[in-house]
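[1] model this:
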Amino acid sequence: MLSLAMVLLVLLVIGTPVAFAMALAGLWGLHAQDFPWSVLVNRMAAGPDNFVLLAIPFFMMAGELMNRSGMTEQLVRLSTATIGRARGGLGHANVLASILFAGKSGSAVGDVAALGSIFVPAMEKEGYDRRFATAVTAASSLIGPIIPPSIILVIYGSVAQVSIGGLFAAGIIPGLLLAVSCFVIVHLISYKRQYPKRDHRISPKEYLKIFGNALPALFLPVILLGGIFSGVFTATEAAAVAVAYAFLVSFVYYRKLKLSDLPEIFLVAGIRSAVVLMIIAAAALLGWLFSTLGVPRMLTNLLFGMVGDPTMAMIVVVGMLLVVGTILEPGAAVILLAPILAPSLHQMGFDPFQVAIILVMTLNIGLCTPPVGAVLFTAQSVSGVRMEEILKDIWPFLLAQVVVVVGLIFFPGLVMWLPNLVGFSS
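    This is a model prediction of the structure:
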């Protein structure tokens, strides 16, 4: 088992694409354990063969349609109009836009790419440091994968056999707490550096017009979550509904897309979905190997042996995942580690929804840390700010988010209240 983990780590460190690193490590494990190589094909084919995972290409498609429809600009205008007059108002509007954008994106990288190209130049023009604008955009993008709909929660629910509707409900309050942590840091830094506030007051008539233009975008999460929580459709069916809604809004309401744009949209959504599903296939093989070798049982014994207290054991897991997140993309880490860690933590008395949200939130922080951090690299690409400069301003945000994660350990009701309220049982 140790040699398998070392092979995987070496392949990742030398820059092997995640899916290929997992598949090659799995092949090594099969050889080392004298398993027939036919297991490679069987397990990798079985990994993506799950009805729930159909939600991934549908959400990818819906997000791409809505990004190209001009909806992002409408959400940015609404966020700026709503909260832009406070000290550091554009920074606060940046965070609010991430909350609103999360309802249609579900991806941190998509969030920072879309919002960064708008907010970073606008904030710099208003007198903010460019590196601060980039840091706010990157840090607040981590809200996207927690507030539903969320692609990574779909993946977690699939591999850990947890209700995706329940996970969506469980993610709402923690996602909003992440947003609050970002608001607090923006407020403190804005006052310390005396960043500007907008003097222009928007009239009620003008605000209603801005709100009306953004209303179709705001309706999407309401329709999806309302349908899921009321039992009208499943999370997978909700993803298909999202595509139909995004198509109507893009072509009928905003009218910024043409039918000739569809082939490129299909291609982009297909490529992004294929990347995720390749990782799922490769991770399914590794997960089977770890399970066959008894890793979950060994991990449970190890954690209880190191720290008998379940709360301290969870804190140790969070610390470990913060390190894992720096070298492994969150989706791949969830696919690989959830089947190993989740059963151990459930045996210690933690609720499956609580475990899921804590694991996903912790791994997402790695998106903003080198050497792999996809959000960090995307933010650097969008803004042109050097990575070391972004890191100088982003660390308070990440520290605040770690505090939120630890808070969820000690106050499980923050995760469990809403799923229980809408009738989801873990």
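[2] in what helix or strand does the residue nearest to Phe59 when sequence neighbours are not counted lie?
    Leaving aside its chain neighbours, Phe59 sits nearest to Ala239 (4.9 Å; criterion: CB to CB, 6 or more residues apart in numbering). No exception for glycine: its C-beta is placed from N, CA and C like everyone else's. Here Ala239, judged by DSSP states H and E, is contained in helix 235-248.
[3] sorry, back to before: for the residue nearest to Phe59, grab the count of nearby residues.
    For Ala239, the neighbour count with other CB atoms under 10 Å is 26.
[4] Make 178 the starting number, not 1.
    Sure, I'll start numbering at 178, so the last one becomes Ala416.
[5] Contacts only, for it.
    By CB atoms under 8 Å, 6 or more residues apart in numbering, the residues touching Ala416 are Leu231, Ala232, Ile233, Phe235, Phe236, Ala239, Pro326.
[6] one step back: after the helix holding Ala416, which helix or strand is next?
    Downstream of helix 412-425 (by DSSP H and E), the next one is helix 439-469.
[7] Secondary structure class of the closest residue to Gly403 other than its chain neighbours, three-state.
    Once flanking residues are discounted, Gly403 sits nearest to Val409: 7.8 Å by CB to CB, 6+ apart. Taken by DSSP: H, G, I helix; E, B strand; the rest coil, the conformation at Val409 corresponds to coil.
[8] where does Val409 fall, phi/psi-wise?
    Main-chain dihedrals, Val409, degrees, to the nearest 10: phi -70, psi -40.
[9] tally of neighbours for it?
    12.
[10] And the pLDDT at it?
    Val409 is assigned a pLDDT of 83 by the prediction.
[11] Please apply the same query to the one 4 residues further on.
    pLDDT, the model's per-residue confidence, is 81 for Thr413.
[12] got it, and Leu439?
    For Leu439, pLDDT reads 87.
[13] Around it, how many other residues sit close by?
    13.
[14] Tell me how far it lies from Leu186.
    Here Leu439 is placed at a distance of 42 Å from Leu186 (CB to CB, to the nearest Å).
[15] how about the nearest residue to Pro322, chain neighbours excluded?
    Nearest non-adjacent residue to Pro322, counting by CB to CB, 6+ apart: Ile329, 4.8 Å away.
[16] Give the helix, strand or coil label for the one you found.
    Reduced to three states by three-state DSSP, Ile329 is helix.
[17] Number of residues surrounding it?
    29.
[18] Please apply the same query to Phe406.
    Using other CB under 10 Å, Phe406 is surrounded by 18 other residues.
[19] what sits against it?
    Residues in contact with Phe406 (CB under 8 Å, 6+ apart) are Gly342, Ala346, Val599, Gly600.
[20] The same query, at a cut-off of 10 Å, please.
    Neighbour list for Phe406: Gly342, Gly343, Phe345, Ala346, Leu595, Pro596, Leu598, Val599, Gly600, Phe601 [criterion: CB atoms under 10 Å, 6 or more residues apart in numbering].
[21] picking that back up, quick check: the residue nearest to Phe236 vs Pro325, distance?
    Ala416 sits 11 Å away from Pro325, going by CB to CB.
[22] Likewise for Gly502?
    In terms of CB to CB, Gly502 sits 21 Å off from Pro325.
[23] Name the residue in the two with the higher neighbour count.
    Pro325 (25 against 21).
[24] Skipping its backbone neighbours, what lies nearest that one in space?
    That would be Phe345: by CB to CB, 6+ apart, it lies 3.6 Å from Pro325.
[25] Quickly find the element holding the one you found.
    Going by DSSP H and E, Phe345 is in helix 341-370.
[26] Run a quick neighbour tally on Ala446.
    Ala446 has 21 nearby residues by other CB under 10 Å.
[27] Confirm for me that it is in contact with Met238.
    Yes - using CB atoms under 10 Å, Ala446 is in contact with Met238, at 4.2 Å.
[28] Could you tell me which residues touch both of these two?
    Val420.
[29] Tell me who's in contact with Leu462.
    199-200, 202-204, 206-207, 216-224.
[30] Give me the nearest residue to it, chain neighbours excluded.
    Excluding the flanking residues, the one nearest Leu462 by CB to CB, 6+ apart is Gly203, at 3.8 Å.
[31] Output the contacting helices and strands for the helix or strand containing that neighbour.
    Element membership of Gly203 [criterion: DSSP H and E] is helix 195-209. Contact partners of helix 195-209 among helices and strands, from 3 or more CB pairs under 10 Å, 6 or more residues apart in numbering; DSSP states H and E: helix 179-190, helix 215-223, helix 439-469, helix 507-524.
[32] quick one, helices of the stretch 178-327 of the chain?
    179-190, 195-209, 215-223, 232-245, 248-260, 266-279, 285-302, 307-317 (DSSP state H, counting those that start in this stretch).
[33] between those helices, which gets nearest to Val363?
    helix 266-279 (4.1 Å; CB to CB).
[34] Any buried residues in that closest one, and which?
    266-279 (16 or more other CB atoms under 10 Å).
[35] quick one: it to chain centroid distance?
    16 Å (CA atoms, centre = their mean, to the nearest Å).
[36] now that helix and helix 307-317, what's the angle there?
    Inter-element angle recorded for helix 266-279 and helix 307-317: 30 degrees (by axes from the mean of the first three to the mean of the last three CA atoms, to 10 degrees).
[37] Average pLDDT for helix 266-279, rounded please.
    Per-residue pLDDT over helix 266-279 has a mean of 86.
[38] What of stretch 531-539?
    95.
[39] CSV please, covering the helices of the stretch 178-327 of the chain and showing distance to Ala391.
    Formatted as CSV, those follow (distance: least, CB to CB, whole Å):
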stretch, distance to Ala391
helix 179-190, 41
helix 195-209, 36
helix 215-223, 42
helix 232-245, 12
helix 248-260, 4
helix 266-279, 8
helix 285-302, 14
helix 307-317, 18
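[40] I'd say Ile379 and Gly266 touch.
    No - using CB under 10 Å, Ile379 makes no contact with Gly266, being 11.7 Å away.
[41] Common neighbours of those two, please.
    Thr257, Thr259.
[42] can you pull the contacts of the closest residue to Leu319 other than its chain neighbours?
    Using CB to CB, 6+ apart and skipping residues adjacent in sequence, the residue nearest Leu319 is Asn541, 5.0 Å away. Contacts for Asn541 (CB under 10 Å, 6+ apart) come out as 285, 318-323, 329, 355, 498, 502, 507, 510-511, 552, 578, 582.
[43] does Asn541 sit in a helix, a strand or a coil?
    helix.
[44] so who does Leu188 touch?
    Counting by CB under 10 Å, 6+ apart, Leu188 makes contact with Pro194, Val195, Phe197, Ala198, Met199, Ala200, Leu201, Ala202, Trp205.
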